[in-house]
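K.L.:
I'd like to go over a predicted model; first the sequence, then the structure.
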Amino acid sequence: MATIKLLAGLQKIAGGPTLDLPLEGIQVARDLTSAIWRLYPALGAEIVDKTGALTGKVHILINGRNIEWLQGMDTPIGDGDTVVFLPPVAGCAILHSSFPADKRRWRGFCPFHPRGFCVWAEGQPYVIG
């Protein structure tokens with residue numbers, strides 16, 4: 001079973017920080033967003049449009065990686081995966097566990113992820129692009 005987490009304002013739309021969805025038949029990100037559209041229409045409208053294309057309002061992370069860097073909407077979702085829906089944010093939180101606690105601070109760019117920005121959420125960093 002995959003864990004599905006919602007961050008920021010998406011929690012209010014869905015009524016909680018996680019989604020309970022039957023994962024039968026869900027093999028890729030596209031299948032998941034389609035199921036969300038059917039079961040949670042207001043949340044689905046934030047993630048994808050009526051054609052199933054990403055709206056750009058929400059990043060989808062599978063195991064901490066943005067699907068845009070993987071296989072897009074065809075990125076596989078398997079047992080034990082963590083899927084996070086994250087609205088875009090500005091800046092970066094350098095709060096990695098390897099970073100000394102007295103040096104943790106907000107910055108605009110993350111030196112740990114030279115390909116992009118990251119945010120600290122749910123106790124771990126997420127690269128968002």
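P.N.:
Thanks, I have the structure now.
K.L.:
quick check, pLDDT for His113.
P.N.:
pLDDT recorded at His113 is 52.
K.L.:
correction: Ile4
P.N.:
Ile4 carries a pLDDT value of 90.
K.L.:
the one 3 residues further on now?
P.N.:
Predicted confidence (pLDDT) for Leu7: 86.
K.L.:
again with Asp79
P.N.:
So, for Asp79, pLDDT stands at 84.
K.L.:
before we move on, what about Pro17?
P.N.:
91.
K.L.:
which ones are touching it?
P.N.:
By Cβ atoms under 8 Å, 6 or more residues apart in numbering, the contact set of Pro17 is Lys5, Leu6, Leu7, Gln11. Backbone N, C-alpha and C define where each C-beta goes, glycine included.
K.L.:
if we take the residues you listed, which one ends up nearest to His59?
P.N.:
Leu7 (9.4 Å; Cβ to Cβ).
K.L.:
burial measure for the closest one, as a count.
P.N.:
For Leu7, the neighbour count with other Cβ atoms under 10 Å is 19.
K.L.:
what about the closest residue in space to Met73 that isn't next to it in sequence, how many residues nearby?
P.N.:
Sequence neighbours aside, Arg30 is the residue nearest to Met73 in space, at 4.1 Å (criterion: Cβ to Cβ, 6 or more residues apart in numbering). Other residues lying near Arg30 total 19 when counted by other Cβ under 10 Å.
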